[in-house]
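> Quick one, fold the following:
(one chain, ligands or ions: 1)
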Amino acid sequence: MEYNPKRVHQQIRNFERCLEDYRFHEPFARFLTQFYKNNKQMGSSDRRMNSRYCYHVFRLGRAFQDLPLQERLVIAEFLCETESAVVHELRPEWVEQQKPALSQRIAFIESLYPGFLNQVFPWHAHLSDAIDKEAFIQSHFVQPHLFIRIQAGKEEQVKKELSKQDISFEALSPQTLVLANGVNLQALKKIQGLYEVQDWASQQSLQAVEAKPNETWWDCCAASGGKTLMLLDRFPTINVLVSDIRLSILRNLEERFEMAGIKRPFRKKVLDLSQPVAHIMQNERFDGLIIDAPCSGSGTWGRTPEMLSKFQETEIQKYTQLQKQIVKNAVPYLKPGKELIYITCSVFQEENEEVVAYISNELNLQLESMTPILGYHHQADSMFTAKFIKI
Ligand SMILES: C[S@@+](CC[C@H](N)C(=O)[O-])C[C@H]1O[C@@H](n2cnc3c(N)ncnc32)[C@H](O)[C@@H]1O
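Here you go, the predicted model:
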């Protein structure tokens, strides 16, 4: 491979400076935007390499934490790429071993550092039984795809515009497309709102919903409305209440709804569901609840691998408690005989199966189905969803 050794060493110095500055106070993507603003001397290819090096090192999770940054970079580049100037430059004796198959690259590193995989994601004991531990952990070395969901009826228009803009895609279903990471979505201004960036797993999360025309549904943790938009796409005649603890995110939801051309009026409320909400909700009753609960996000760390370094095991129990409270405080507003959909983007059993057991046993709802959404087979996030009926 051809490369300029001086340039590579400069890029390694940039990378070291960048990671040393990062304090995990914000998502790494946001930190990077600011870092590049403060370092205007870095050209676009330097920025691209810097982002790649940093993300790859985060993909090592909790493994190799005691090694110097440069050593970690070599291992990360070896595992996450099939060819790397860093490996050529700093560990030329590994070049021949950098095989196309990830499993072979892992085997090579394993031969030098036995047991390293277990340290990448050290919370195995918490994983749901449905998760193939090895496949899931290995998936962290590969960046997930970019997925979009196309509005029903707009499939041809969106695909036509993608082709016109020379953006290649693969259709997983009429409404679900895979695009290359880093594709310039700005070029798609003309069809803004006709599609949503939404992971494959998230697109599967409402499959069990059976809403009827004109029913009234409540998205209890709506954020910027990803699930509500998908719900309305499938059931356009339902009425919705969206709520979240954050007013600012509901403002984003309004913008997004407008962009998506949602004409049907919807109601919104700021609600903290960790507390009883009878004083606000009073006699409201719903035909369906979506609880896409705040969670560790452990099924999505392939996209935000810095979380592998940041996450503390004690947070799992805090999320579990909050999830139980939120469900408990929302359930009184569900009509008997109607459905509750519980969703997380976590792979931890405490946030999934344990909360399901709580909802069945303590809140007395009948479990209809429980579906782990295994994204690591699709280069996507992993999620979990369960459907209950109120007795
Ligand atoms: C997983 S996100 C929801 C994502 C959203 N449904 C979507 O599809 O885009 C969880 C949301 O729960 C909200 N949340 C956190 N604590 C809450 C609480 N105590 N009461 C209500 N909502 C809460 C967060 O603000 C966050 O927006």
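> how far away is the residue positioned nearest the centre of the chain from the ligand?
With distances taken as Cα atoms, centre = their mean, the residue of the chain nearest its centroid is Thr300 (3.7 Å). The gap separating Thr300 from the ligand is 10 Å, by Cβ to the nearest ligand atom, to the nearest Å. All C-beta atoms are positioned from the backbone trio N, CA, C, and that covers glycine.
> number of nearby residues for the nearest residue to that residue once chain neighbours are set aside?
Computed as Cβ to Cβ, 6 or more residues apart in numbering, the closest residue to Thr300 that is not its neighbour in sequence is Asp381, at 4.5 Å. If you count neighbours by other Cβ atoms under 10 Å, Asp381 ends up with 25.
> So Asp381, which state does it fall into?
Classification of Asp381 using DSSP: H, G, I helix; E, B strand; the rest coil returns coil.
> my read: it touches Thr344, true?
No - counting by Cβ atoms under 8 Å, Asp381 sits too far from Thr344 to count as a contact (11.0 Å).
> what residues are shared contacts of those two?
Shared contacts of Asp381 and Thr344, defined by Cβ atoms under 8 Å, 6 or more residues apart in numbering, comprise Gly299.
> and the residue nearest to the centre of the chain, what does it touch?
199, 345, 381-382.
> And the residues you listed, which is closest to His25?
Set against His25, the nearest of these by Cβ to Cβ is Cys345 (21.7 Å).
> Can you read off the pLDDT for the closest residue to Thr371 other than its chain neighbours?
Of all residues not flanking Thr371 in the chain, Thr385 sits nearest, at 5.1 Å (Cβ to Cβ, 6+ apart). What the model reports as pLDDT for Thr385 is 98.
> Contact partners for Thr385?
Contacts were defined as Cβ under 8 Å, 6+ apart; by that measure Thr385 touches 204-208, 341-343, 370-371, 373.
> Report the closest residue of the stretch 51-200 of the chain relative to the ligand.
Gln198 (8.0 Å; Cβ to the nearest ligand atom).
> Could you report the neighbour count for that residue?
18.
> Please spell out which residues along the strand or helix carrying Val57 are buried.
Using DSSP states H and E, Val57 sits within helix 44-58. Residues 46-47, 49-58 are the ones in helix 44-58 that count as buried (16 or more other Cβ atoms under 10 Å).
> got TSV for the residues you listed, with pLDDT and distance to Tyr113 too?
Formatted as TSV, these follow (pLDDT from 0 to 100; distance: Cβ to Cβ, whole Å):
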residue	pLDDT	distance to Tyr113
Asp46	97	30
Arg47	97	30
Met49	98	25
Asn50	98	25
Ser51	98	25
Arg52	98	22
Tyr53	98	20
Cys54	98	21
Tyr55	98	21
His56	98	16
Val57	98	15
Phe58	98	18
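> Export the residues you listed as TSV, with columns for distance to the ligand.
Formatted as TSV, the buried residues of helix 44-58 follow (distance: Cβ to the nearest ligand atom, whole Å):
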residue	distance to the ligand
Asp46	34
Arg47	28
Met49	32
Asn50	29
Ser51	25
Arg52	28
Tyr53	30
Cys54	25
Tyr55	22
His56	27
Val57	27
Phe58	21
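> Distance to Ile12 added to these, as JSON lines?
Shown next, in JSON lines, are the buried residues of helix 44-58 (distance: Cβ to Cβ, whole Å):
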{"residue": "Asp46", "distance to Ile12": "11"}
{"residue": "Arg47", "distance to Ile12": "14"}
{"residue": "Met49", "distance to Ile12": "9"}
{"residue": "Asn50", "distance to Ile12": "9"}
{"residue": "Ser51", "distance to Ile12": "14"}
{"residue": "Arg52", "distance to Ile12": "12"}
{"residue": "Tyr53", "distance to Ile12": "7"}
{"residue": "Cys54", "distance to Ile12": "11"}
{"residue": "Tyr55", "distance to Ile12": "15"}
{"residue": "His56", "distance to Ile12": "12"}
{"residue": "Val57", "distance to Ile12": "11"}
{"residue": "Phe58", "distance to Ile12": "16"}
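> which residues in the chain form strands?
Secondary structure of the chain (DSSP state E): strands located at 146-150, 169-171, 176-179, 195-197, 216-219, 239-244, 267-270, 286-292, 334-344, 365-373, 383-390.
> List the residues that contact the closest residue to Arg267 other than its chain neighbours.
In space, and not counting its chain neighbours, Arg267 is closest to Leu241: 4.6 Å by Cβ to Cβ, 6+ apart. If you count contacts by Cβ under 8 Å, 6+ apart, Leu241 has them with 216-219, 266-269, 284, 286.
> do that again at 10 Å, thanks
For Leu241, the contact set (Cβ atoms under 10 Å, 6 or more residues apart in numbering) comprises 216-220, 222, 228, 266-269, 271, 281, 284, 286, 289, 333.
> Trp217 too?
Contacts for Trp217 were tallied using Cβ under 10 Å, 6+ apart; they are 209, 211, 228, 231-232, 235, 238-242, 266, 286-290, 338-339, 341.
> so what's it bridging to?
With DSSP bridges as the criterion, Trp217 is bridged to Val240, Gly288.
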